[in-house]
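1. kindly generate the corresponding structure for this input.
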Amino acid sequence: TEIYTLSLHDALPIYRVVITARSHVAVAATDGQRLVEIAVPADSRVRNALMSQDGQWVYGISDISGEQEIWQFAADGSDKRKQLTDNATALRMNLYLSPNGRYLAHDDYDGNVWLLDLKRGRDKKIITQGEGLGPYADIVWSGDSNFIALTKAEMGKNRSQIVLYSLDSNQAQALTTDKYESFSPSFSKDGDWLYFLSNRKFVSTPSSPWGDRNMGPMFNKRTEVFAIALNQQARFAFQKPNELMSQREEKSADEIETEVDWEGLSARLWQVPIAAGNYSSLQLGEDKFYLLDSDVASGKSSLKVVKFNPLKPKLDIFAADVGAFTLSNDSKKLFIRKQSKQAKEMLIVDAGDKLAKELDNAKVQVQNWQLAIQPAAEWQQMFEDAWLMHRDSFYDKKMRGVDWQQAKVKYQPLVDRLTDRHELNDVFKM
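-> Residues are numbered from 1 along each chain as shown. As a prediction, the model looks like this:
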């Protein structure tokens, strides 16, 4: 099964997608332009690739140096690359590029979040005390690149919380309680609001644990949509108008700046008046927001849209059979990956109110991508990757007394003698 990591890029007149498959990276579009494969050494792996805001580079996590570091590669397929970090002490998880293109936020297996300044070449730790053992569920940027919101499962806390971090003041504050699970933060385009999802609706189905063949109650459709006013002047998009409300001042894109009044921030909480559901992946546009809604019984999910309407907000279906989606930075396009067909169908469509019926010209063109596989080099890379993952994720940092470097020296020569993939498994079992 191919695993895709996708990044929607809108700096150029066309919209493109960065695809990672089997350690290879390609840049694809819908308009028939050639698919560009990024030049990566055959014995190394690149994952979690995304494109720079100017379209010149592709960033990714790679083991070219022997450690999992952040690299940049030429987006035109030429053999130009540069190592951006050299401080890996744990498995790096994901990359998150700021809208202005200057910063890369990234997290690690130990529960830390880092900020890489691409202009100065500095990488610093900004968030600690995460539970780790996997990636942060969400890390998102404000439109002006001055704030980061993330879903943090903190050590010692019962449930995940929304945390806001300021780059200018190097300040972080939890905005939600750990009494409820909160996740999927998204900044409004005007910079005044931080929306998020939270499981706060509890209706038992069935209503009691007694009865014939009753396996106990479950809580379906727990998730509701909330928003926190980042400053005291913010006006809620779903607030019903009254005679005390002044005319709303429209801001141009260049004038939008995220301002945060930290005092009393958590108390400025509003709820979007729509029914609860099994929501995830909240993303805000200019005058609407999108989210995924899943059905517990069938396991199928659909993409839904809610327009900013203070009088009668409505939850509408944008498209059925959606496994994942991404809204472009300018809110004009949606990348959609279908849930069926092994999630291989990918589309770039207009971010409207409903998916168009004619989609022939919306399909991401990847049918001509042919992967040049060198099994011997691939097996070497898999051995390196397994060695690194065991070293960085094993529960005992001292490897229970095993000299892990010496174990690599002992067993890696056997990889040169392999004749098929199953024999690599035999090496791993030694």
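2. now residue 316: closest residue in space, sequence neighbours ignored.
-> Nearest non-adjacent residue to residue 316, counting by C-beta to C-beta, 6 or more residues apart in numbering: residue 305, 5.4 Å away. (Glycine included, C-beta is placed from N, CA and C.)
3. partner strands of the helix or strand in which that neighbour is found, with direction?
-> Using DSSP states H and E, residue 305 sits in strand 301-307. Strand 301-307 has the following strand partners under DSSP bridges: strand 288-294 (antiparallel), strand 315-320 (antiparallel).
4. show residues contacting it.
-> By C-beta atoms under 8 Å, 6 or more residues apart in numbering, the residues outside strand 301-307 that reach it are 225, 272, 274, 277, 287-295, 313-323, 325, 334, 336, 339, 353-355.
5. re earlier: which one of the strands paired with strand 301-307 lies closest to residue 42?
-> Closest approach to residue 42 among the strands paired with strand 301-307 (C-beta to C-beta): strand 288-294, 36.6 Å.
6. what are the contacting residues of the closest one?
-> 184, 186, 195, 197, 225, 277-283, 300-308, 318, 322, 324-325, 327, 334, 351, 353.
7. mind redoing it with 7 Å?
-> Contacts with strand 288-294, where a contact means C-beta atoms under 7 Å, 6 or more residues apart in numbering, come from 195, 277-283, 301-308, 318, 322, 325, 327.
8. before we move on, what about stretch 416-428?
-> For stretch 416-428, contacts defined as C-beta under 7 Å, 6+ apart pick out 379, 382, 386, 411, 414-415.
9. just the buried members of the residues you listed?
-> 379, 382, 415 (16 or more other C-beta atoms under 10 Å).
10. among these, which lie within helices?
-> Per DSSP state H, helices hold the following members of the buried ones among the contacts of stretch 416-428: 379, 382.
11. same list, the buried ones among the contacts of stretch 416-428, but as JSON lines with pLDDT and distance to residue 41 please.
-> Formatted as JSON lines, the buried ones among the contacts of stretch 416-428 follow (pLDDT from 0 to 100; distance: C-beta to C-beta, whole Å):
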{"residue": "379", "pLDDT": "92", "distance to residue 41": "14"}
{"residue": "382", "pLDDT": "92", "distance to residue 41": "14"}
{"residue": "415", "pLDDT": "94", "distance to residue 41": "16"}
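12. ok, back up a step: relative to residue 60, which of the strands paired with strand 301-307 is closest?
-> Per C-beta to C-beta, nearest to residue 60 of these: strand 288-294, 25.6 Å.
13. please compute how far stretch 156-172 lies from its chain's middle.
-> Relative to its chain's centre, stretch 156-172 lies at 17 Å (C-alpha atoms, centre = their mean, to the nearest Å).
14. mind listing what's buried in the strand holding residue 305?
-> Those would be 301-306, for strand 301-307 by 16+ other C-beta under 10 Å.
15. what of stretch 107-122?
-> Across stretch 107-122, burial judged by 16+ other C-beta under 10 Å covers 107-116, 118.
16. now do stretch 134-142: everything it contacts.
-> Contacts of stretch 134-142 (C-beta under 7 Å, 6+ apart): 93-94, 96, 98-99, 105, 107, 113, 130, 148-152, 160, 183-187, 191, 258.
17. residue ranges for the strands of the stretch 201-350 of the chain, please.
-> Here the stretch 201-350 of the chain has its strands, by DSSP state E, counting those that start in this stretch, at 204-205, 218-219, 223-229, 269-271, 279-284, 288-294, 301-307, 315-320, 322-327, 333-338, 346-350.
18. need the buried residues of stretch 107-122 in JSON lines (columns: pLDDT, distance to residue 143 and secondary structure).
-> Shown next, in JSON lines, are the buried residues of stretch 107-122 (pLDDT from 0 to 100; distance: C-beta to C-beta, whole Å; DSSP: H, G, I helix; E, B strand; the rest coil):
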{"residue": "107", "pLDDT": "97", "distance to residue 143": "21", "secondary structure": "strand"}
{"residue": "108", "pLDDT": "96", "distance to residue 143": "26", "secondary structure": "strand"}
{"residue": "109", "pLDDT": "94", "distance to residue 143": "30", "secondary structure": "coil"}
{"residue": "110", "pLDDT": "94", "distance to residue 143": "30", "secondary structure": "coil"}
{"residue": "111", "pLDDT": "96", "distance to residue 143": "27", "secondary structure": "coil"}
{"residue": "112", "pLDDT": "97", "distance to residue 143": "25", "secondary structure": "coil"}
{"residue": "113", "pLDDT": "98", "distance to residue 143": "20", "secondary structure": "strand"}
{"residue": "114", "pLDDT": "98", "distance to residue 143": "22", "secondary structure": "strand"}
{"residue": "115", "pLDDT": "98", "distance to residue 143": "17", "secondary structure": "strand"}
{"residue": "116", "pLDDT": "98", "distance to residue 143": "20", "secondary structure": "strand"}
{"residue": "118", "pLDDT": "97", "distance to residue 143": "18", "secondary structure": "coil"}
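19. most widely separated two among those residues?
-> Using C-beta to C-beta, those span at most 23.7 Å, a distance reached by 111 and 118.
20. now residue 151: which helix or strand?
-> Judged by DSSP H and E, residue 151 forms part of strand 147-152.
21. for the next helix or strand after that strand, name the packing helices and strands.
-> Sequence order places strand 161-166 as the next helix or strand after strand 147-152, per DSSP H and E. Other helices and strands packing on strand 161-166, by 3 or more C-beta pairs under 7 Å, 6 or more residues apart in numbering; DSSP states H and E, are strand 147-152, strand 171-174, strand 182-187.
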